[in-house]
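> Dropping the sequence and predicted coords here.
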Amino acid sequence: MRAAGGGSRRGERGSAALEFTGLLPLLLLAALFAWQLLLATFTVTAAENAARTGSRTESRGGDGTEAALGALPGWLRDQARAAVDGTEVRVTIEVPVLFPGISTDDLTVTRTAEFPSI
């Protein structure tokens with residue numbers, strides 16, 4: 001045992017490691033939640049960009065659907081749909097989910113953009 005003013009007791013050895021081990025699952029859950037939030041935010045931004053790109057292309061006489069889907073990253077493209085109505089392009093994407101067992105039917109993002117015809 002050490003003197004009263006200096007250091008830890010013998011019975012407290014390893015308590016920091018034990019506390020860290022106890023908190024580790026909570027820290028991992030918080031990191032997964034933060035990553036899921038980042039994925040959802042990126043999906044919204046990608047949908048907005050794809051809708052604008054598709055609308056711009058459609059207003060210039062191109063294929064807005066192909067342009068909108070082509071503006072998305074490959075890992076989001078499989079879960080995306082694009083619809084064109086005049087120069088208005090609507091992009092709908094299912095948000096990727098990290099947690100197994102959670103349905104993605106309710107986790108969709110839809111963004112619409114309309115570019116005036118030239």
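Yep, that arrived.

> can you give me the helices for the protein?
If DSSP state H is used as the criterion, the helices of the chain fall at 15-59, 64-70, 74-77.

> Out of those helices, which gets nearest to residue 103?
Closest to residue 103 of those is helix 15-59 (Cβ to Cβ; 14.2 Å). C-beta: built from backbone N, CA, C; applies to glycine.

> from the chain's centre, how far out does the helix or strand of the chain at the bottom of the mean pLDDT ranking sit?
The helix or strand of the chain with the poorest confidence is helix 15-59; it has a mean of 91 (mean pLDDT, DSSP states H and E). Between the centre of helix 15-59 and the centre of its host chain there is 4 Å, according to Cα atoms, centre = their mean, to the nearest Å.

> Does that helix pack against any helices or strands, and if so which?
If you count contacts as 3 or more Cβ pairs under 8 Å, 6 or more residues apart in numbering; DSSP states H and E, helix 15-59 packs onto helix 64-70, strand 80-85, strand 88-94, strand 108-114.

> could you give the angle of it to strand 88-94?
150 degrees (axes from the mean of the first three to the mean of the last three Cα atoms, to 10 degrees).

> Tell me which residues touch the most centrally placed residue in the chain, please.
Geometric centre of the chain, nearest residue: residue 39, 1.0 Å, by Cα atoms, centre = their mean. Counting by Cβ atoms under 8 Å, 6 or more residues apart in numbering, residue 39 makes contact with 95-96, 98.
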